[in-house]
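A.B. asks: Have a look at this prediction, sequence included:
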Amino acid sequence: MAAAAMLVPVMLALCTAAANAAVVEHTFKLGGTKITQACMDSVIYTANGQLPGPSIEVSEGDTLVVHAVNDSPYPLSLHWHGIYQLRSGWNDGANKITQCPIQPSSNFTYRFNITGQEGTLWWHAHSSLLRATIYGALIIKPRNGSSGYPFPTPYEEIPILLGEWWNKNVDEVEKDGNMTGKGPKISDALTINGMPGDQYPCQGSAMYKVEVEYGKMYLLRIINAAVNVELFFKVAGHTFIVVAADASYTKPYATDVIVIAPGQTVDALMNTSVSPGRYYMAAHVFDSKTVAIPFDMSIAKGVIRYKGVPDYAPAAMPTLPPHNDVVTAGRFYWSLTGLARPSDPAVRTTVNHNMVVTFGLDQAPCAPYQTSCSGFALVAAMNRNSFQFPEKVSLLEALYKGVPGVYSEDFPDFPPPVQGFRKATTVKKVKYNDVVEVVLQSEEYSSALGTENHPIHLHGFDFFLLAQGLGRFDPSMKSKYNLVDPQVRNTVAVPAGGWAVIRFTANNPGMWFMHCHLDAHLPLGLAMVFEVLNGPSPNLLPPPPVDYPKCYG
Ligand code: C2O
């Protein structure tokens with residue numbers, strides 16, 4: 001009797017835990033917004049008129065529902081960068097991969113569960129350069145709130161979204177880039193939380209400002225939402241303890257500089273323990289290119305002001321590393337290790353698919369439609385396959401409905417021994433729960449173009465980053481893999497002309513894009529797709545949502 005009575009509260013507790021999972025609902029109106037920025041008036045496309053777009057906050061286990069209302073003149077889709085989309089691949093938002101775009105004057109409701117992950121992620125448009133202005137934070141709190149962090153509870157949390165700004169409609173920037181065959185021109189400014197800071201000598205050059213209290217610990221949730229550039233980030237007078245990257249906890253790592261590639265996130269603790277004052281935070285480009293090609297040289301600035309310090313007090317400026325400081329960048333990228341708690345998934349040691357995927361940019365003849373192209377156009381590829389987006393149906397719909405002729409399943413496991421590139425919609429097919437290892441090898445195809453650091457992003461999964469290095473991968477490196485506490489990421493910055501080894505378990509049926517997150521390289525073909533087959537029930541891809549967007553044309 002006593003034992004039975006004691007069971008009751010336990011059961012009740014379990015019920016409340018399950019009932020805690022909430023449905024978080026947002027409506028994003030995607031349309032034109034007037035803005036004065038960098039001394040210019042422009043119209044940009046945003047979600048709900050905001051730059052950055054609305055921040056989404058959920059707790060692990062919640063269901064997120066976003067009603068996307070397309071009031072813009074552009075077909076578009078929204079991607080939830082880093083969300084697993086476990087058995088909800090229809091909602092991944094990768095244009096032409098998991099859905100056709102939402103047409104102007106149409107709607108689509110994204111609806112998915114966020115389970116088994118927590119930390120800082122983000123969302124962005126996944127069609128053309130629109131993600132330059134259509135993006136926002138997606139923060140996943142532990143199920144039991146801030147007390148669930150594997151580090152002391154911060155006093156406050158500060159999202160820092162780093163972005164890139166063009167003084168022109170980004171759709172035109174992209175079209176011009178296509179016509180020249182050389183990709184979009186460089187951006188006109190870098191931004192912190194949508195604002196360039198006081199680098200522009202005009203009224204209305206807005207700057208992100210945040211007030212802090214002395215003697216507290218803050219959690220900075222840093223997101224690189226820039227389109228084509230990796231960044232260094234510092235706060236004058238302050239240092240950081242990195243505790244997570246790409247929504248996976250790391251062992252605490254002390255540094256005074258953050259290095260972050262497009263697509264990546266870094267969570268860093270910062271103590272406000274220096275003499276109260278005003279301190280600039282600043283970001284500028286980490287330029288990893290091995291040949292001199294112009295890049296955005298501007299510095300985005302924001303300011304941290306201690307409570308009680310007047311707004312007009314002079315602010316200290318941090319010393320950012322030189323643009324080409326590969327040593328500082330490498331130290332940061334290579335030093336992080338996973339927290340690897342006993343409850344975290346361990347690295348699986350039996351590998352079903354050992355792949356080597358080479359990639360890079362090359363020069364190709366101008367295409368006839370590229371009317372302002374002179375000399376050559378750019379082309380990019382993975383294993384000599386230059387990825388072509390399908391036209392009439394998304395890859396996921398083609399897989400689900402068995403539509404023939406949309407893609408081929410012959411993406412090679414190794415670089416083929418040929419020169420030149422094949423334009424093709426090729427996928428690599430793997431079985432449910434297979435373990436896939438990929439050696440990502442950056443190549444120099446053209447000495448005029450050289451190489452650069454490419455952030456390679458995988459949809460649908462986190463991967464373990466087992467090793468990385470400069471130059472050519474050598475199979476003897478396999479004995480040096482970190483199988484104990486590797487970084488867990490969704491985007492890896494593969495060193496210029498170097499390599500990185502990733503390993504993931506294909507536990508999610510669907511079509512999963514893997515591509516360079518330097519947006520300019522996506523239309524050039526620096527992408528491929530993993531096709532993951534259904535597993536035993538219930539590990540199946542469900543039917544598409546009722547309002548799943550149709551393709552036109
Ligand atoms: Cu953040 Cu396929 O992208």
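C.D. replies: In hand now; what should we look at?

A.B. asks: Every contact and neighbour count from this point should use C-alpha atoms.
C.D. replies: Fine.

A.B. asks: Assumed Glu172 was part of a helix.
C.D. replies: Yes. The assignment for Glu172 is a helix, going by DSSP: H, G, I helix; E, B strand; the rest coil.

A.B. asks: Tell me how far it lies from Arg489.
C.D. replies: 33 Å (CA to CA, to the nearest Å).

A.B. asks: and what of Gly53?
C.D. replies: Gly53 is 24 Å from Arg489, by CA to CA.

A.B. asks: neighbour-wise, which of these two wins?
C.D. replies: Arg489 (24 against 21; other CA atoms under 10 Å).

A.B. asks: Please verify my assumption that His79 contacts Ala125.
C.D. replies: Yes. Shown here, His79 and Ala125 form a contact pair, counting by CA atoms under 8 Å, at 6.0 Å.

A.B. asks: Between these two, tell me which one has more neighbours.
C.D. replies: Neighbour tally, His79 and Ala125, criterion other CA under 10 Å: the higher count belongs to Ala125, 25 against 22.

A.B. asks: next structured bit after the lowest-mean-pLDDT helix or strand in the chain?
C.D. replies: Lowest by mean pLDDT, DSSP states H and E among the helices and strands of the chain is helix 2-19, with a mean of 42. Counting by DSSP states H and E, the next helix or strand C-terminal to helix 2-19 is strand 23-37.

A.B. asks: now that following strand, how far from the centre of its chain.
C.D. replies: Strand 23-37 sits 20 Å away from the centroid of its parent chain (CA atoms, centre = their mean, to the nearest Å).

A.B. asks: Likewise for stretch 440-456?
C.D. replies: With CA atoms, centre = their mean, you get 20 Å for stretch 440-456.

A.B. asks: Check which residues of it are buried.
C.D. replies: 440-445, 449-456 (16 or more other CA atoms under 10 Å).

A.B. asks: can you map out the strands along the stretch 401-550 of the chain?
C.D. replies: 422-424, 427-430, 435-442, 454-458, 463-469, 487-489, 491-494, 499-505, 510-516, 527-532 (DSSP state E, counting those that start in this stretch).

A.B. asks: Let me see the ranges of the helices in the stretch 201-350 of the chain.
C.D. replies: Taking DSSP state H, counting those that start in this stretch as the criterion, the stretch 201-350 of the chain contains helices spanning 326-335.

A.B. asks: Not counting residues beside it along the chain, what's closest to the spatially most central residue of the chain?
C.D. replies: Centroid check for the chain by CA atoms, centre = their mean gives Gly263 as the closest residue, at 2.1 Å. Spatial nearest neighbour of Gly263, chain neighbours left out: Asn224 (5.8 Å); criterion: CA to CA, 6 or more residues apart in numbering.

A.B. asks: Per-residue pLDDT of the one you found, please?
C.D. replies: At Asn224, the model reports a pLDDT of 98.

A.B. asks: got a list of what it touches?
C.D. replies: Leu161, Leu162, Gly163, Glu230, Leu231, Ile260, Ala261, Pro262, Gly263, Gln264, Thr265 (CA atoms under 8 Å, 6 or more residues apart in numbering).

A.B. asks: residues contacting the fifth one?
C.D. replies: The one in question is Leu231. Counting by CA under 8 Å, 6+ apart, Leu231 has contacts Asn224, Val259, Ile260, Ala261, Ala283, His284, Val285, Phe286.

A.B. asks: Let's see that with 6 Å instead.
C.D. replies: By CA atoms under 6 Å, 6 or more residues apart in numbering, the contact set of Leu231 is Val259, Ile260, His284, Val285, Phe286.

A.B. asks: Same check on the last one?
C.D. replies: Residues touching Thr265, when contacts are defined by CA under 6 Å, 6+ apart, comprise Ile222, Ile223, Ala245, Asp246.

A.B. asks: again, 7 Å this time
C.D. replies: Thr120, Leu121, Ile222, Ile223, Asn224, Ala245, Asp246 (CA atoms under 7 Å, 6 or more residues apart in numbering).

A.B. asks: Thanks again, I'm all set now.
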